[in-house]
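A.B. asks: output the structure for:
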Amino acid sequence: MNAQPGSIAKVCLLAGKIMLESGAETYRVEDTMNRIATSFGLENAESYATPTGVQFSTEGEVSYFRRISNRSNDLQRITDVNSISRQITAQSLDAKEALLLLKGIEHQSETFPLWLQFIAAALASGSFAIMFGGSWSDFLPACIAGALGYAAMIWIEKLIEIRFFAEFIASFFIAVIAAFSIHAGFGQHLDKIIIGAVMPLVPGLHITNAVRDLVAGHLVAGISKGVEAILTAFAIGAGVAVLFAFFP
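C.D. replies: Reported below is the predicted structural model:
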């Protein structure tokens, strides 16, 4: 397929941007961008991705860069971009068609509505509380604390746009709800309720991606994602600790 290098670069950059914003590993992002460029006949293309930016260049051409400001976990978008990449590799899409499809993915609404995310957070919280040794009387308080804490994190993050602060407030809110539940006679184990309710906030995917990037040799991305996961865990733990510090 014949296409202008500028058009190919736009496709590669947008694909990489969507994948990074959706929580993909950096080595997967670079591999996808390089495959797209090769499929369009652009030889000697170079891509470089970090958690905060993606760069694409070819020999004798201008280097292109996109900054990544917001990151989340959306595996469906990663799957959709991979599907477009496979169609490009199969020579069934040109650059213009691929760019339109990628823009559609970029501007599409969330894969799951918020109310469904809250229900999933509630059920996951209650289930983890039971799995960690809690009683069935702890299930409902953990569900309520987990759903409200997850909702608080999303609301505060949109309001302040500082994820670590949002997670700190959310975990503190969870601890308050759990303590109130025990005080009101609902539930038996405060620690099990809190542990179960904070699980939807735990950065499991970030930890996994950090390890996979480190194994793949992407040291900068692996270390930065690992530090981000550690800071998130610290924010969650600190939010719970504040409650016990003032109300032992």
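
A.B. asks: now the helix or strand of the chain with the lowest mean pLDDT: buried residues?
C.D. replies: Lowest by mean pLDDT, DSSP states H and E among the helices and strands of the chain is helix 204-215, with a mean of 85. Residues of helix 204-215 classed as buried by neighbour count (16 or more other C-beta atoms under 10 Å): 205-207, 209-210, 212-213. Where C-beta positions appear, they are placed from N, C-alpha and C, glycine not excepted.

A.B. asks: same question for stretch 162-175.
C.D. replies: In stretch 162-175, counting by 16+ other C-beta under 10 Å, buried: 163, 165-175.

A.B. asks: can you map out the strands along the protein?
C.D. replies: Using DSSP state E, the strands of the chain run over 46-50, 53-57, 64-67.

A.B. asks: and of those, who's closest to residue 236?
C.D. replies: With C-beta to C-beta as the measure, strand 46-50 is the member of the strands of the chain nearest residue 236 (24.7 Å).

A.B. asks: and the gap between the residue lying farthest from the centre of the chain and residue 107?
C.D. replies: Residue farthest from the centre of the chain, counting by C-alpha atoms, centre = their mean, is residue 185 at 36.2 Å. Here residue 185 is placed at a distance of 48 Å from residue 107 (C-beta to C-beta, to the nearest Å).

A.B. asks: which among the buried residues of helix 204-215 gets closest to residue 192?
C.D. replies: residue 207 (22.4 Å).

A.B. asks: list the contacts of the closest one.
C.D. replies: 226, 229 (C-beta atoms under 8 Å, 6 or more residues apart in numbering).

A.B. asks: ok, now how distant is it from residue 183?
C.D. replies: For residue 207 relative to residue 183 (C-beta to C-beta), the value is 34 Å.

A.B. asks: try residue 86
C.D. replies: From residue 86 across to residue 183, the span is 55 Å (C-beta to C-beta).

A.B. asks: what stretches of this structure score poorly on pLDDT?
C.D. replies: For the chain, the stretches with pLDDT under 70 are 1-3, 60-61, 110-111, 247-248.

A.B. asks: for it, what spans make up the helices?
C.D. replies: Assigned by DSSP state H, the chain shows helices spanning 5-21, 26-39, 75-89, 95-107, 114-131, 139-160, 163-183, 190-198, 204-215, 219-246.

A.B. asks: mind checking which of these is nearest residue 62?
C.D. replies: helix 5-21 (8.2 Å).

A.B. asks: ok and the closest one relative to strand 46-50, angle-wise?
C.D. replies: Per axes from the mean of the first three to the mean of the last three C-alpha atoms, to 10 degrees, the angle that helix 5-21 makes with strand 46-50 is 30 degrees.

A.B. asks: per-domain residue ranges of this protein.
C.D. replies: 5-107, 114-246 (automatic domain parsing).

A.B. asks: any idea how far apart the tips of the shortest one sit?
C.D. replies: Distance across domain 5-107, first residue to last, is 24 Å (C-alpha to C-alpha, to the nearest Å).

A.B. asks: please apply the same query to stretch 128-139.
C.D. replies: The first-to-last residue distance of stretch 128-139 comes to 9 Å (C-alpha to C-alpha).

A.B. asks: next: stretch 44-63.
C.D. replies: 13 Å.
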